[in-house]
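Participant: only geometry, no sequence info:
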């Protein structure tokens, strides 16, 4: 009498996959725990708040658009160093006595985003606007980076 | 017949409007609840707030002016925002007020007078 039940050889590899699926389920259930799920949902693990950033390029300008809802203008910092644009800031916790947080999904604290610019820009002519929670930084291209029409003489 | 088909298709399209759920925070005080929802790119005109069957629905439609040039790095999502909340029975739905500032919706949901804590003086 065999103690080990007969197993068709071609089915054997699946046992390895079964184990894999268990591991995956365990990982999933781990991430379904409240603390982890909140981190997994925003996709940020110990890196803090990471607002969405779009970058546009036209003939004259490079424009960065960042989603920063509910900030104060004074709390946003924009810097340009070595062809890299950095936008940072901090959203402060507005806590009042006698208030109890029921649900906190909004990220409070500091953020920092850096992006390498595709071309040289004129650092002295950079301008920024903040409206409806959207920061728009316009970086005019440096003269040498602008497209030039060359006439054939 | 053609008209009917077109109507049905238009209905489908309206139904298929894609939304994303924006992050929200809720705080409770003795006076009521404060609800904050992040809707970047939405202003007063794009905000649609309704209460039906004790359910609060907040829709925010973006009105971001297009940026000149080609998109070379893309992280933002184009969808509008939708979030629904079940109202606590203690909330006085007639007194809900809302404002939007820099893409942050702030709703004040006051508790009805009869549920507010009250001090009773011993005479």
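Facilitator: Done, it's in. Since this is a predicted model, take the numbers as computed values, not measurements.

Participant: buried sites along stretch B:109-123?
Facilitator: Within stretch B:109-123, the residues scored as buried using 16 or more other CB atoms under 10 Å in any protein chain shown are B:109, B:110, B:111. C-betas here are computed from N, CA, C, even on glycine.

Participant: secondary structure element for the spatially most central residue of chain B?
Facilitator: With distances taken as CA atoms, centre = their mean, residue B:58 lies nearest the centre of chain B, 1.9 Å away. Per DSSP states H and E: residue B:58 is located in strand B:55-60.

Participant: run me through the strand neighbours of that strand, direction for each.
Facilitator: Applying DSSP bridges, strand B:55-60 is found paired with strand B:47-52 (antiparallel), strand B:80-86 (antiparallel).

Participant: ok, residue A:69 - contacts?
Facilitator: Residue A:69 makes contact with A:133, B:38, B:39, B:40, B:102, B:103, B:104, according to CB atoms under 8 Å, 6 or more residues apart in numbering or on different chains.

Participant: packing partners for the helix or strand following the strand holding residue B:58?
Facilitator: Of the helices and strands lying after strand B:55-60 in sequence (DSSP H and E), the nearest is strand B:70-73. The contact analysis (3 or more CB pairs under 8 Å, 6 or more residues apart in numbering or on different chains; DSSP states H and E) places strand B:70-73 against strand A:53-57.

Participant: list the buried residues of the strand it packs on.
Facilitator: Those would be A:53, A:54, A:55, A:56, A:57, for strand A:53-57 by 16+ other CB under 10 Å.

Participant: in the helix or strand just after it, what counts as buried?
Facilitator: Downstream of strand A:53-57, the first helix or strand assigned by DSSP H and E is strand A:61-67. For strand A:61-67, a neighbour-count test (16+ other CB under 10 Å) marks A:61, A:62, A:63, A:64, A:65, A:66, A:67 as buried.

Participant: neighbours around the closest residue to chain A within chain B, how many?
Facilitator: Proximity of chain B to chain A (CB to the nearest CB) peaks at residue B:103, 2.1 Å away. Residue B:103 has 26 neighbours, counted by other CB atoms under 10 Å in any protein chain shown.

Participant: let's have the strands paired with strand B:55-60 in CSV, adding mean pLDDT and mean neighbour count.
Facilitator: Shown next, in CSV, are those (pLDDT from 0 to 100; neighbours: other CB atoms under 10 Å in any protein chain shown):
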stretch, mean pLDDT, mean neighbour count
strand B:47-52, 95, 14
strand B:80-86, 95, 18
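
Participant: can you pick out the most distant pair from the buried residues of strand A:61-67?
Facilitator: Greatest spacing in the buried residues of strand A:61-67, by CB to CB: A:61 and A:67 (19.6 Å).

Participant: need the residues of chain B near chain A, please.
Facilitator: B:23-30, B:33-34, B:36, B:38-43, B:63-64, B:67-77, B:101-104 (CB under 8 Å from any CB of the partner chain).
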